[in-house]
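Colleague: Could you work out the structure for the sequence below:
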Amino acid sequence: MASSSTQPGAGENKSILTPVMTLDGHEPWKFSSPPGEHHEYKHVSCISYSSDGKQMISGSNDKTIRRWDLREGKEIKEAREVCDDLYAVGVSGDGRWVVTAAGRKLKLFLRKHQALGL
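Modeller: Numbers count the residues shown, from 1 in each chain. Predicted coordinates:
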């Protein structure tokens, strides 16, 4: 059985994704290079969703991981954690654990009373 695919022509400009919300909360962070030059960045470097899709964890070089309520479109501020040199975040399947990768270290966070997605 042969398979095939079609791609839009060069003249077509259709978006297949429709933005439904913007989450804003990470702070700008500064980077110096070369000496004497300072640049300010504000971007999210990693995200991970809860298994039920109701919450998300984001990480940034502003040294924070933040938990978001996707139904409300707001950060759950009491869940904010500080983490240096953040490269990746992950959420366990049951939502109880969050793991961060920072430099050469992995750090585990346990949500005892409020699992992600509950």
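Colleague: Of all the residues in stretch 74-87, which ones are buried?
Modeller: Of the residues in stretch 74-87, Glu75, Ala79, Glu81, Cys83, Leu86 count as buried by neighbour count, 16 or more other Cβ atoms under 10 Å. The way it works is simple: take the backbone N, C-alpha and C, and place the C-beta from them, glycine included.
Colleague: typo on my end, it should be stretch 14-30
Modeller: Buried positions in stretch 14-30, judged by neighbour count with 16+ other Cβ under 10 Å: Leu23, His26.
Colleague: Residues in contact with it: which ones?
Modeller: Outside stretch 14-30, the residues within contact range by Cβ atoms under 8 Å, 6 or more residues apart in numbering are 8, 38-44, 56, 58, 60-64, 66, 68, 70, 73, 75.
Colleague: Can you say which of those residues are buried?
Modeller: Listed as buried from those are Met56, Ser58, Ser60, Asn61, Asp62, Lys63, Thr64, Arg66, Trp68, Leu70, Glu75; burial here means 16+ other Cβ under 10 Å.
Colleague: okay if I get those as a markdown table plus secondary structure, pLDDT and distance to Ser33?
Modeller: Converted to a markdown table, those look like this (DSSP: H, G, I helix; E, B strand; the rest coil; pLDDT from 0 to 100; distance: Cβ to Cβ, whole Å):
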| residue | secondary structure | pLDDT | distance to Ser33 |
| --- | --- | --- | --- |
| Met56 | strand | 92 | 31 |
| Ser58 | strand | 91 | 25 |
| Ser60 | strand | 86 | 18 |
| Asn61 | coil | 82 | 14 |
| Asp62 | coil | 84 | 18 |
| Lys63 | coil | 82 | 18 |
| Thr64 | strand | 85 | 22 |
| Arg66 | strand | 88 | 26 |
| Trp68 | strand | 91 | 31 |
| Leu70 | coil | 93 | 35 |
| Glu75 | strand | 91 | 30 |
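Colleague: Throw the buried residues of stretch 74-87 into a markdown table and include distance to Leu108 and secondary structure, thanks.
Modeller: Shown next, in a markdown table, are the buried residues of stretch 74-87 (distance: Cβ to Cβ, whole Å; DSSP: H, G, I helix; E, B strand; the rest coil):
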| residue | distance to Leu108 | secondary structure |
| --- | --- | --- |
| Glu75 | 21 | strand |
| Ala79 | 15 | helix |
| Glu81 | 11 | strand |
| Cys83 | 11 | coil |
| Leu86 | 14 | strand |
